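[1] Here's a sequence, model it:
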Amino acid sequence: KTAYEMIWRLEFRRVLFRSESICAVVGRADLLAAAFGLLAALLHLGATTRHRLAAAAALLLALLCKESALALFALLPLIDLFQYRLFSRKCYSLSYLLYAGIAGLYLAWRYYVLGTLTLGEIDPFDNPLVGAEPAMRIYDAVAIAFRYLGLLVLPAHLSADYSYAALTPSAAFEIGSLVGIGLGLSALIFLLYKSFQSNSAVFFGLGWFCIALAPVSNILIPIGTVMGERLLYLPAMGFCVALAAQLQTIRRYAPPIALLLVTLFATRSAVRTSDWRDNYTLFQEATRVQPQSARAWRGLGNAAMERQQRERALISLGRALRIHPDYYEVHVDLAHHYLSIGQPDIARRHLATSLQLRADYPPAWFALGLVLYKLGEKTDAARAFEQALQLDPSYADAAYNLGVIQLDSGQPKRAQTYFQRTLTLDPEH
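    Numbers count the residues shown, from 1 in each chain. As a prediction, this is how the structure comes out:
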C-alpha cells in the first residue's frame with residue numbers, strides 16, 4: 001500500500017476507537033450512517049447501472065440511520081468534482097436522478113412516520129444553543145466546530161458527554177473569540193484556495209470535512225445535541241484524507257511521520273479504551289474532563305450506586321442537582337436510593353419534587369408506586385402504577401406491579417390480566 005492509503009486508514013481507525021458510539025452510549029446510528037454513507041460514496045465511483053442502484057440504496061440506508069447523512073447530497077458532487085467528472089463528456093444524470101428520488105422517498109417516509117420534516121422539539125438540556133439568538137448560536141457553533149477540529153488534531157481531552165452545563169451559550173460576543181474565529185476561518189479559506197490550485201486531494205479532504213460537519217455543527221440549524229464525538233465519523237474521513245495527502249507531498253519523510261502519528265494516536269486510543277471499562281470509569285473520566293456536566297455526574301452517581309458506594313453516589317447526584325436544580329431524573333434516582341435503605345418518607349419527598357418539575361415522567365410515577373406500596377398505601381400505589389402505564393403503555397414493570405397489588409387484594413383474575421400484559425410487553429419478564 002502507498003503511504004497515502006496507510007495514513008488514511010490508520011488515522012480513521014483511531015478515530016473510531018475513541019468515539020462513544022462504539023460502546024453504544026447513544027446507540028450506533030451515527031456509526032451506521034457513516035458506514036452506509038461511505039459505501040454509497042464508493043459505489044458512486046462505479047459507472048454501471050448496478051453501481052448506481054446500489055449507491056442509491058446505500059444512500060437511503062444512511063438517511064434512515066441518521067439525518068446527518070443529508071451531507072452526502074453535497075459530498076457526492078464533491079467526489080465528482082475531485083475526479084473532474086463534471087467536466088467530462090460522460091453523463092451522470094441518472095445517478096443524480098436516482099439520488100433525487102431517494103431524497104423525495106426519505107422525506108415522504110419521514111413525514112409519514114413522524115408527522116413532520118423538522119427535528120421536532122429539542123431539549124435545551126441536550127443542546128443549550130437551541131434557545132440562543134441565531135447570531136449567538138452561530139457564533140458559539142463555529143467555536144465548537146474549531147473545537148471538533150482540535151479533537152482530531154490533538155485528542156487530549158475526550159468526554160462521553162457535552163450537554164448542560166459542560167458547554168454553555170455565550171452571553172455576548174467577545175473580542176478575543178471573534179479574532180480567533182476570524183483567524184481560523186481565514187486560514188481555512190486560504191488552505192482551501194491554495195489546495196484547490198496545487199493539491200486537489202487536500203482540497204477534497206478539507207471540503208469533505210467542512211461539508212460533513214455543517215449539518216451536525218448547529219451552524220445551519222440547531223440539532224439535538226450541542227456536541228458529540230460520535231458526530232465526527234463522516235467529517236473525520238475528510239480530515240484523514242487531507243492529512244495523508246499533505247504528508248504525501250514530503251514523500252521522503254511521510255512513512256516515519258505517519259508511523260510516529262499512528263504510534264501516538266494508538267497510545268491515546270489505548271488509554272481512552274480503559275475509560276470504557278464500565279460506567280463508573282467512563283463517567284469518572286467525563287466528570288474530570290467536563291466537571292460542569294450534570295449528566296456526567298448523574299451517570300457517575302448511578303454507577304457508584306451499583307457499586308454500593310452510597311456516599312460517593314450521593315455526592316455525585318448532589319453535584320448534578322447543584323449544576324441543574326430542575327434535574328427531575330436525579331430526584332427519581334435519589335428516591336430509589338432512599339427506598340433501598342428503608343427511608344421511604346425521604347424518597348417520597350424527592351418524588352414529589354420530581355413530579356412537580358415534570359408531571360408526565362413515567363419512571364417518577366412508577367417509583368412513587370413502589371414507595372406508596374412500601375408505606376402500605378396500596379390503593380394510592382395502584383393509582384401511581386396506572387398513571388405510569390397510561391403515560392407509557394409499554395411499561396412492563398408497571399403492569400407487573402399492578403398485578404401484584406391485585407393478588408394482594410384477592411383478585412387473581414385481574415392480576416392474571418396484568419401479568420399477561422406484562423409478558424406481552426416483555427416476554428422475558
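[2] tally of neighbours for P169?
    18 (other C-beta atoms under 10 Å). Yep, even glycine has a C-beta here, placed from its N, CA and C like the rest.
[3] residues in contact with it?
    P128, L129, G131, A132, M136, R137, D140 (C-beta atoms under 8 Å, 6 or more residues apart in numbering).
[4] quick one, what contacts the fourth one?
    For A132, the contact set (C-beta under 8 Å, 6+ apart) comprises D140, P169.
[5] Got phi/psi on it?
    Dihedral pair for A132: phi -80, psi 160, per degrees, to the nearest 10.
[6] for the protein, what's the longest helix?
    helix 175-198 (DSSP state H).
[7] tell me what it is packed against?
    Judged by 3 or more C-beta pairs under 8 Å, 6 or more residues apart in numbering; DSSP states H and E, helix 175-198 is in contact with helix 134-153, helix 200-213.
[8] can I get the CA coordinates of whichever helix or strand comes after the last one in PDB?
    In the C-terminal direction, the helix or strand that comes right after helix 200-213 (DSSP states H and E) is helix 233-248. These are the backbone C-alpha positions of helix 233-248, laid out as PDB (Å, rounded to 0.1, in the frame of the first residue of the first chain):
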ATOM      1  CA  TYR A 233     -17.300   9.900  11.800                       C
ATOM      2  CA  LEU A 234     -18.000  11.500   8.300                       C
ATOM      3  CA  PRO A 235     -16.000  14.700   8.900                       C
ATOM      4  CA  ALA A 236     -13.000  12.600  10.100                       C
ATOM      5  CA  MET A 237     -12.800  10.900   6.800                       C
ATOM      6  CA  GLY A 238     -12.100  14.200   5.100                       C
ATOM      7  CA  PHE A 239      -9.600  15.200   7.800                       C
ATOM      8  CA  CYS A 240      -7.700  11.900   7.400                       C
ATOM      9  CA  VAL A 241      -7.600  12.300   3.600                       C
ATOM     10  CA  ALA A 242      -6.300  15.900   3.800                       C
ATOM     11  CA  LEU A 243      -3.600  14.900   6.400                       C
ATOM     12  CA  ALA A 244      -2.500  11.900   4.300                       C
ATOM     13  CA  ALA A 245      -2.400  13.900   1.100                       C
ATOM     14  CA  GLN A 246      -0.400  16.700   2.800                       C
ATOM     15  CA  LEU A 247       2.100  14.200   4.100                       C
ATOM     16  CA  GLN A 248       2.400  12.600   0.700                       C
END
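[9] Show me what helix 233-248 is packed against.
    Right, helix 233-248 is packed against helix 3-16, helix 29-44, helix 134-153, helix 200-213, helix 254-275 by 3+ C-beta pairs under 8 Å, 6+ apart.
[10] pLDDT wise, what is the closest residue to L185 other than its chain neighbours at?
    Closest residue in space to L185, ignoring its immediate chain neighbours: V142 at 7.5 Å, by C-beta to C-beta, 6 or more residues apart in numbering. For V142, the model assigns a pLDDT of 95.
[11] swap in F82?
    Looking at F82, its pLDDT is 82.
[12] who are the neighbours in contact with the residue nearest to it when sequence neighbours are not counted?
    Of all residues beyond its chain neighbours, the one nearest F82 is F204 (4.4 Å), with distances taken as C-beta to C-beta, 6+ apart. Residues in contact with F204 (C-beta under 8 Å, 6+ apart) are L78, I79, F82, G238, V241, A242, A245.
[13] So for those residues, which is the shakiest by pLDDT?
    The member of the contacts of F204 with the lowest pLDDT is F82, at 82.
[14] surely that residue meets F196?
    No: checked against C-beta atoms under 8 Å, the pair F82 and F196 is beyond contact range at 10.5 Å.
[15] Residues that sit against both of these two, list them.
    Joint contacts of F82 and F196 (C-beta under 8 Å, 6+ apart) are F203.
[16] Just say which of the helices and strands packed on helix 175-198 is most tucked in.
    Among the helices and strands packed on helix 175-198, helix 200-213 has the highest mean neighbour count (mean count of other C-beta atoms under 10 Å), at a mean of 22.
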